Structure formats: structure tokens, C-alpha cells
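Enquirer: Requesting a structural model of the entry that follows:
(one chain, ligands or ions: 1)
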Amino acid sequence: MNNPFMPHEAEVIARHEETADLFSIQLRLTDPVIQSQYRFAPGQFNMLYLPGMGEVPVSIVSDPDDIHIIDHTIRKVGSVTNNLGRLQVGDRLGLRGPYGRGWPVVEAEGTDLVIVTGGLGCAPSVSLIDYVLRCQARYGHVHIIQGVKHSNDFIWHARYDLWRQYPNVEVWLTADAGDALWPWHIGPVTQFFDQLDIDPQRTSVMMCGPEGMMKAVVQDMRQRAVPDKRIWFSMERNVQCAVGSCGRCQLGAKFVCKDGPVFNYDELAPYWGHKGA
Ligand SMILES: Cc1cc2nc3c(=O)[nH]c(=O)nc-3n(C[C@H](O)[C@H](O)[C@H](O)COP(=O)(O)OP(=O)(O)OC[C@H]3O[C@@H](n4cnc5c(N)ncnc54)[C@H](O)[C@@H]3O)c2cc1C
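Expert: Numbers count the residues shown, from 1 in each chain. Coordinates of the predicted model:
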């Protein structure tokens, strides 16, 4: 019988220090058959396990069509993430997943997209953007808006440079504070919304990041008459089991791990702002 809590062994293939407290690791499952069968949708997450330390949920950053590697970008905030940050190439860890419901890439076909991310909130949206741009014929105009606290927190320069070369793609970057060489904007992500040429009835909004930022975006997009069911966001809560059993991440009747982490406003409005267990 399959045990849903039994992780598979994965090996660190590459690692990259992004900033003092942010790193990326590239993983591959050591069993080639399991790796060849591993598939995920943009917006899903894995549970990464360090024996004797614990297990944490982490979004998958890689391109869903790359079946050879699994990328994660992680901020060191506590015991497990700090110890994940100490792993070197060749080290092994446990991985189970992918879990959760990702971005509504099928429901959003035929609409313009506004993708808003704040801080490391960009992580769950990287694989979304890679996917959308590869399947661009299925979508209209794509507006990508990324906000960071400080310009030094902006880590995906190469990716953003690449994305802005696509036709019908606009990229807006902003920081709360920037150093003298920051060439982009200063201020909140909402500052660009007046410049977005969108038809609310055929627009899908997808966002992830701090909840204060997401609340401001939801409020603004609702005022612009974007339908509630087309305003989507990725929620972070205390995910422990990842299979909708322990209830730690529960918001009303919804489990962030199983019914999310991506929800639309229509689904989650009554629980918006609840902290969870
Ligand atoms: C679906 C999902 C996807 C995620 N994706 C990523 C990702 O791609 N990259 C990444 O760096 N992190 C991600 N996280 C957050 C990550 O799981 C936590 O940072 C991690 O569990 C912290 O574990 P720890 O043992 O290092 O810290 P702990 O010792 O457990 O906590 C240290 C501090 O961080 C706070 N904290 C713990 N978990 C969270 C959380 N979920 N949100 C906010 N604060 C928290 C605690 O309150 C405490 O103050 C994701 C979380 C979820 C639910």
C-alpha cells in the first residue's frame, strides 16, 4: 500500500546563493523511474524533508515541461529552511509531492492576464509565467507586475529580461526602496493599474505575495469590475500533512494544501484575512 507521507529520495544537482537569506536548489529524484513519472502544474508545491529536522512546503519554480529537474527558491526563516540552505551538491533529502491545486491556466485561456507578485511571492508564479509564455497563443495580453521591498531583493533579472522580449508582454518592476542604480519604479504594485489597458470582463488576475499587498490588488481589481471568480491568489498557511487531513491549514471548509494553495476570491472571500491554525 502506498503511504502518502513517505518521501522519495532526491539529490541536490545544483545550488545557487541568491541573496544572504535566499537560495535556489535544483533537485532530481534518485529513482529514475519515479523522476520520469514526476509531473506538476504551475502553482503546485512539494514537501521537502530533512530527517531529524522536519518537513516544509515549498513552491515549485521550474518549468513544468522540464521533466529532468525540480527547482525551488527558498528563504531561510527557521530551522528547516536554514538547514536546507546548508545542503551541497550531491546531498540527499526527502521529497513528496506535487501537492495542491495550481493556477487556473485552462480557465484563463482566451483572457488577458495580470500577474502580480510581491517579494518571494514571485516563486509560485515563475513556473506560471514560463508556461503562459510558451503557450502564448492561448492567452491575450500578459501584464507582469513584480514588487519587492528593496531593489536588492530582486533576484530574477535574467528571467524578467527574457519575459519582456515577448510580444504582447509588459513587465513592470517596483521596489519600496531602491539603491541609486535601480532603473525601475519606486512604490506599491498598485501604482501601475491605471496604466493597464484591460477589459475587466475578459481579464484574469493572478497574484501571490504578502497578504497586505494581495488585499490591495483584490480591492482595486474588484473596483475595476474584474469578476470575483477571475481574481486568483496563492495562499500560504501552516501546511503540515499536505493531504487535507491534519487541518492545520484549514480556512473554513477549505484546506490550503488540498483545495489551494491557489483560490479565487469567490471561493475564499468569507475567510479572507483568517490566520488559520
Ligand atoms: C503552499 C506553500 C508554498 C510555499 N512556498 C515557499 C517557497 O517557494 N519558498 C519559501 O521560501 N517558502 C515557501 N513557503 C513557506 C515555507 O514553507 C516556510 O518558510 C517554512 O515552512 C518555514 O519552516 P522553518 O522550519 O524554516 O521555519 P519555522 O521555524 O517553522 O518558522 C520560522 C518563522 O517563519 C514563520 N513561518 C513559518 N511558516 C510560514 C509560512 N508558511 N508563511 C509565513 N511565515 C511562516 C514562522 O511563524 C516563524 O516566525 C511556502 C508555504 C506554503 C504553505
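Enquirer: where along this protein do the helices fall?
Expert: Secondary structure of the chain, counting by DSSP state H: helices at 32-37, 79-84, 122-134, 157-163, 211-223, 265-268.
Enquirer: Tell me the predicted confidence for Lys275.
Expert: Lys275 carries a pLDDT score of 71 in this model.
Enquirer: in this protein, which ranges drop under the pLDDT threshold?
Expert: 1, 120-121, 276-277 (pLDDT under 70).
Enquirer: In it, which residue sits nearest the ligand?
Expert: Closest to the ligand within the chain is Gly78: 2.0 Å, counting by CB to the nearest ligand atom. (Each C-beta comes from the backbone N, C-alpha and C, glycine too.)
Enquirer: what's that residue sitting at in phi/psi?
Expert: Backbone torsions of Gly78, given as degrees, to the nearest 10, read phi -150, psi -160.
Enquirer: picking that back up, so of the helices of the chain, which one's packed in deepest?
Expert: helix 122-134 (a mean of 23; mean count of other CB atoms under 10 Å).
Enquirer: Packing partners of that helix?
Expert: Counting contacts by 3 or more CB pairs under 8 Å, 6 or more residues apart in numbering; DSSP states H and E, helix 122-134 packs against strand 70-75, strand 112-118, strand 142-150, helix 157-163, strand 203-208.
Enquirer: okay if I get these as CSV plus distance to Met47?
Expert: Formatted as CSV, the helices and strands packed on helix 122-134 follow (distance: least, CB to CB, whole Å):
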stretch, distance to Met47
strand 70-75, 11
strand 112-118, 23
strand 142-150, 27
helix 157-163, 25
strand 203-208, 18
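Enquirer: and Gln240, which of those is closest to it?
Expert: When the helices and strands packed on helix 122-134 are ranked by proximity to Gln240, the top entry is strand 70-75, at 17.6 Å, counting by CB to CB.
Enquirer: now what about that closest one, what contacts it?
Expert: 10, 18, 21-29, 38, 40, 46, 48, 58-62, 81, 84-85, 95, 120, 123, 126, 155 (CB atoms under 8 Å, 6 or more residues apart in numbering).
Enquirer: What is the neighbour count of the residue of the chain closest to the ligand?
Expert: Gly78: 10 surrounding residues under other CB atoms under 10 Å.
Enquirer: how about the helices of the chain in JSON lines, adding distance to Trp103?
Expert: As requested, the helices of the chain are exported to JSON lines (distance: least, CB to CB, whole Å):
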{"stretch": "helix 32-37", "distance to Trp103": "22"}
{"stretch": "helix 79-84", "distance to Trp103": "24"}
{"stretch": "helix 122-134", "distance to Trp103": "5"}
{"stretch": "helix 157-163", "distance to Trp103": "16"}
{"stretch": "helix 211-223", "distance to Trp103": "14"}
{"stretch": "helix 265-268", "distance to Trp103": "14"}
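Enquirer: Those residues of the stretch 101-250 of the chain touching the ligand, which are they?
Expert: Within the stretch 101-250 of the chain, the positions adjacent to the ligand are Leu120, Ala123, Glu236, Arg237, Val239 by CB under 6 Å from any ligand atom.
Enquirer: rerun at 5 Å
Expert: Contact residues, the stretch 101-250 of the chain versus the ligand (CB under 5 Å from any ligand atom): Ala123, Glu236, Val239.
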